[in-house]
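> Let's see this in three dimensions:
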Amino acid sequence: MTFVAKLIETAAADTDVLRELDQNGDEFSKFRQVDFLVVAPSPDKALAIRDFINDFSYGKASVSDLNDSCSVHVAIDMPVQQSIILCVSGFMACVAQLFGAELDGWECPVRKRT
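Numbers count the residues shown, from 1 in each chain. Sure, this is the predicted structure:
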């Protein structure tokens, strides 16, 4: 799969998450913690991704069990309006690609409309 195709696939998956949030009454403009998951091919790559994210303040990244799946969790406090979340998710996909990893997606709590 080309990287452009991967970005298109990621945007479609992000839109599906937004539809689900909308069905649950989410107000997209409210800030909340959004958690991205990047699956790295090795512990060294996971640590490099974590350090890259943290060193440049793109989010707060941590590495999960390096003996198991080599996952990097990135937390960002942000709204999830479509134009914003698709840009950030696309950027995370680019970071993953840069390090030979895979963006597994994102999740966040619902912030209800008042």
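
> lowest-confidence helix or strand of the protein?
Averaged element by element with mean pLDDT, DSSP states H and E, the chain has its least confident helix or strand at helix 3-23 (a mean of 94).

> how about the most centrally placed residue in the chain, secondary structure?
Nearest to the mean C-alpha position of the chain, counting by CA atoms, centre = their mean, stands Phe36 at 2.9 Å. Here Phe36 is strand, with the state taken from DSSP: H, G, I helix; E, B strand; the rest coil.

> so it touches Ala101, yeah?
No: Phe36 is not in contact with Ala101 according to CB atoms under 8 Å; the separation is 11.4 Å. Quick note: C-beta positions are derived from backbone N, CA and C, even for glycine.

> Endpoints of stretch 97-107, how far apart?
Start-to-end span of stretch 97-107 (CA to CA, to the nearest Å) is 20 Å.

> rewinding a little: so what's the gap between the least confident helix or strand of the chain and the chain middle?
Mean C-alpha position of helix 3-23 versus that of the full chain (CA atoms, centre = their mean, to the nearest Å) differs by 11 Å.

> If we go by neighbour counts, what in that helix is buried?
For helix 3-23, the neighbour count (16 or more other CB atoms under 10 Å) marks Lys6, Leu7, Thr10, Ala11, Asp14, Val17, Leu18, Leu21 as buried.
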